[in-house]
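**Student:** Got a predicted structure plus its sequence, pasted below:
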Amino acid sequence: MPPVNPPAHNEITPADSPGGPQIAIALFERMTALDAVGPYEVLQRLPGATVVFVGEDHGEVRTENGFLGLTVDATYDEVGAPDVVVIPGGIGTRPIIEADQDPLVEWLTEVHPRTRFTTSVCTGSLVLARAGLLQGLEATTHWGARSILAGLGAVPVEERVVEHLGDRLITAAGVSSGIDMALRLSELLVDDVAARAMQLMIEYDPQPPFDCGSLAKSDDEVMDRLIAYSADKD
């Protein structure tokens with residue numbers, strides 16, 4: 001099902017989407033594209049689900065390197081009661097967590113008590129922590145941001161997906177982990193057959209040509225190259 005394209009100035013609620021959950025994916029400047037698009041590709045296929053891309057203002061935001069633009073279809077004020085919230089990560093989370101007040105943090109604080117699940121991918125967990133949702137809880141994030149997550153009151157762990165179902169919170173590690181999280185969400189929202197069907201639909205059957213997908217599998221040569229490639233994106 002395609003993403004919702006709501007009219008301006010109207011609040012978009014789950015009541016407008018009968019038969020399935022409303023999934024709100026936050027967009028902001030300098031976010032990581034796959035953090036949002038990976039979960040979207042899974043969750044938008046669930047029966048009756050609608051996806052709304054939510055942000056501070058209507059219009060386009062640019063991802064980390066500026067090459068890709070994504071469109072905010074609804075403002076935070078227009079999405080008052082989503083069933084599921086997905087907060088992506090990226091360089092753009094830095095000003096969000098450093099601000100005294102930020103619209104995304106304020107919105108998250110407001111809607112979380114009514115969500116079925118509030119989730120994050122990569123450094124999106126820093127935003128959850130900044131909103132006070134992860135205080136004292138184990139959570140995951142990109143490996144490069146674990147110390148920041150700890151400084152915000154969470155307990156960083158290396159797992160790819162960490163869930164606290166009693167608190168309705170799920171965090172995923174870096175970037176591609178959002179697909180794993182979305183498949184788990186599919187199971188929670190529907191059932192395990194739905195999750196496996198979503199996995200088959202997107203042919204998510206990773207068989208990478210290299211085995212360097214975690215910090216433990218890296219070496220100094222790879223890390224030096226990564227640092228060099230990242231230097232011009234900060």
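**Tutor:** Perfect, I can see it now. Because the structure is a prediction, the values reported are computed rather than measured. Numbering: from 1, shown residues only.
**Student:** Please count neighbours and contacts with C-alpha atoms only from this point.
**Tutor:** Fine.
**Student:** Mind jotting down where the helices sit in this protein?
**Tutor:** Listed in chain order, the helices of the chain (DSSP state H) span 33-43, 93-98, 103-111, 124-130, 146-151, 177-189, 192-201, 220-230.
**Student:** Mean neighbour count and mean pLDDT for those helices - can I get that in TSV?
**Tutor:** Formatted as TSV, the helices of the chain follow (neighbours: other Cα atoms under 10 Å; pLDDT from 0 to 100):
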stretch	mean neighbour count	mean pLDDT
helix 33-43	22	98
helix 93-98	16	98
helix 103-111	17	98
helix 124-130	29	98
helix 146-151	18	98
helix 177-189	22	98
helix 192-201	16	97
helix 220-230	10	90
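**Student:** what would those look like in a markdown table with distance to Ala139?
**Tutor:** Output for the helices of the chain, formatted as a markdown table (distance: least, Cα to Cα, whole Å):
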| stretch | distance to Ala139 |
| --- | --- |
| helix 33-43 | 16 |
| helix 93-98 | 16 |
| helix 103-111 | 17 |
| helix 124-130 | 7 |
| helix 146-151 | 8 |
| helix 177-189 | 13 |
| helix 192-201 | 22 |
| helix 220-230 | 24 |
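**Student:** quick one: which of those helices is nearest Glu60?
**Tutor:** helix 33-43 (12.8 Å; Cα to Cα).
**Student:** Can you give the contact residues for that closest one?
**Tutor:** 23, 25-27, 49, 51, 63-64, 68, 86-89, 121-122, 175-176, 178-179, 181-183, 186, 198-199, 202 (Cα atoms under 8 Å, 6 or more residues apart in numbering).
**Student:** cool, and stretch 207-222?
**Tutor:** Here stretch 207-222 makes contact (Cα under 8 Å, 6+ apart) with Trp143.
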